[in-house]
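Engineer: Build me a structure from this.
(one chain, ligands or ions: 1)
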Amino acid sequence: MVRVALVEGMKPNYPEPERQRYRRLVKQYLGIREERIDKLFNLLEVEKPSQAQKSFLNDIIAQAAYDSKYWSSLDYEHLKKEDVIIEYNGNIRGIARLLQGIDESKVIFVPSIGERAVTPEDEPDYFKHVDWRNKLVLNGQDVVRRFAQDRGIVLSGKYARSGQIPVEDFHLLEQNGFYFNEALKTAIDGVLKEPEYKDRVISAMAIKRRDGTELRLHPHDFAEAAEFYAYCLRYNPKIVETLGNKLTQLGDKYHGANTFNVPKRMPVGSKLYNEVEIHYIPDPQGGGPYPLDWMSTKAACDCPHALNMRNFEVRKGEMTRVVETMDTHVNMVFLAMIHKKKIPLKQAVNNMSPVPTPEFSNFVDKARYNIVQEFQVEQENGTKTKRTYVGEVGIEKLVHELAKSPEWGFGRMFSSGGKVIKILKPMYI
Ligand SMILES: [Zn+2]
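Structural biologist: Predicted structure coming up:
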């Protein structure tokens, strides 16, 4: 991450003295001929590089990639003095604020993102034991209450001990258009901004199904899915439906089982796929007889990441049912569907993969690439400093923290029109 930031800082959008400082630092830490770094420095200013310049750029990008062998080991103390690394010991709210204020040429070092540091390798375990306090349930009591309150609807409020929505309330919600988008909007604009949520660290969104099982959602996947979908459109790996006909303009709207091959996140030209299976997907456009179908969505992906998170959850010391996660690949199927059916974003009220604004996408990007958790781990002979990027858990906590701040409403996070313009940086694929 620090290496990416160092190269980033040479770009022409930064003030000249800062660019010069970064050029000096890159020369110090990247073991390639200095003339090549100078050439790169100048080329970054060229708007339309020639073919020869492009091939030089590709070549040097490979040499300067964060995992290339040409980098010498970084002196973190030195880079703190050079103002590339910003040390911060604040709380999660402060981290979310700081992250908004930095450019991609800075890296923030923190001991943890909320509560405790979760290393990327501990994440599958963390997600199996997410406490109720760390979840935001989109069809849970808080969101439903707020939705009704905002519209002056009087609910019976007779929730079962399981937290299930009473049948009469369910019908009222149906009549008042409690679509997925409305639930998410209520969660972001209302519930997350309530004082009860101020000190609750949220690491996942969830939908409770009527049978007691749960579907997890991670809003940073909304940003990843849109970026990756845009990438696939540009470079042409396609999402292929292998069972059903949802990806056609007039095909099935909802219900039934459908399977899809979704490209893996691999370099251009590879033909590897994950299989996504979806049941009871809602009609994204709404207007159908069952607007609350999103609460019954069953979706699963066979990529190792999603499989790892699909596990029995332990609740109050007892094994309960399987938790599934709507991951990036599942989200992409939603995007493909509204694209193929030519549904304008404004009308896609049950699009379960809302399209991020470039501003929100940029925040997620910085959470991925511009923060390092630095903490001590116990070892046989004393303690050792460990540095790791912020994995999904930390990014999720930050995204929810962002959504708690008054300046970030649903409309600033998600687009309700227009096109998805941002694509993933090829270097990170
Ligand atoms: Zn997947």
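Engineer: right, and residue 387 touches residue 371 too?
Structural biologist: No - contact criterion C-beta atoms under 8 Å: residue 387 and residue 371 do not qualify, at 10.8 Å. C-beta coordinates here come from the backbone N, C-alpha and C atoms, glycine included.
Engineer: tell me which element residue 181 falls in.
Structural biologist: Per DSSP states H and E, residue 181 falls inside helix 180-189.
Engineer: Please parse this protein into its domains.
Structural biologist: Here the domain parsing of the chain from automatic domain parsing is 1-71, 136-357.
Engineer: Of all these, which one is nearest the ion?
Structural biologist: Among these, the nearest to the ion by C-beta to the ion is domain 136-357 (3.2 Å).
Engineer: ok, back up a step: tell me which of the domains of the chain is the most buried.
Structural biologist: Scoring the domains of the chain by mean neighbour count under mean count of other C-beta atoms under 10 Å gives domain 136-357 as the most buried, with a mean of 18.
Engineer: So what's the gap between that domain and the chain middle?
Structural biologist: How far domain 136-357 lies from its chain's middle: 14 Å, per C-alpha atoms, centre = their mean, to the nearest Å.
Engineer: how far does that domain stretch from start to finish?
Structural biologist: Terminal residues of domain 136-357 lie 22 Å apart, using C-alpha to C-alpha, to the nearest Å.
Engineer: Would you mind confirming that residue 342 is in contact with residue 249?
Structural biologist: Yes - counting by C-beta under 8 Å, residue 342 does reach residue 249; the two are 6.1 Å apart.
Engineer: So for stretch 283-294, first residue to last residue, what's the gap.
Structural biologist: Start-to-end, stretch 283-294 (C-alpha to C-alpha) is 8 Å.
Engineer: if you average pLDDT over that stretch, what comes out?
Structural biologist: In this model, stretch 283-294 has an average pLDDT of 85.
Engineer: Contacts for it, please.
Structural biologist: Stretch 283-294 has contacts (C-beta atoms under 8 Å, 6 or more residues apart in numbering) with 139, 170, 173-174, 177-180, 183, 207, 253-254, 280-282, 334, 337-338, 341, 343, 347-352.
Engineer: same check, this time on stretch 133-140
Structural biologist: By C-beta under 8 Å, 6+ apart, stretch 133-140 touches 142-143, 163, 165, 180, 183-184, 187, 191-192, 197, 200-208, 217, 292, 295, 400.
Engineer: coming back round to it: next, format the domains of the chain as CSV and append distance to residue 101.
Structural biologist: Listed next are the domains of the chain as CSV, based on distance: least, C-beta to C-beta, whole Å:
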stretch, distance to residue 101
domain 1-71, 15
domain 136-357, 18
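Engineer: Considering these, which stretch scores lowest in mean pLDDT?
Structural biologist: Across the domains of the chain, domain 136-357 has the smallest mean pLDDT, namely a mean of 86.
Engineer: ok, that domain near the ion or not?
Structural biologist: Yes - against the ion, domain 136-357 shows contacts by C-beta under 5 Å from the ion at 274, 301, 303, 306, 327, 329.
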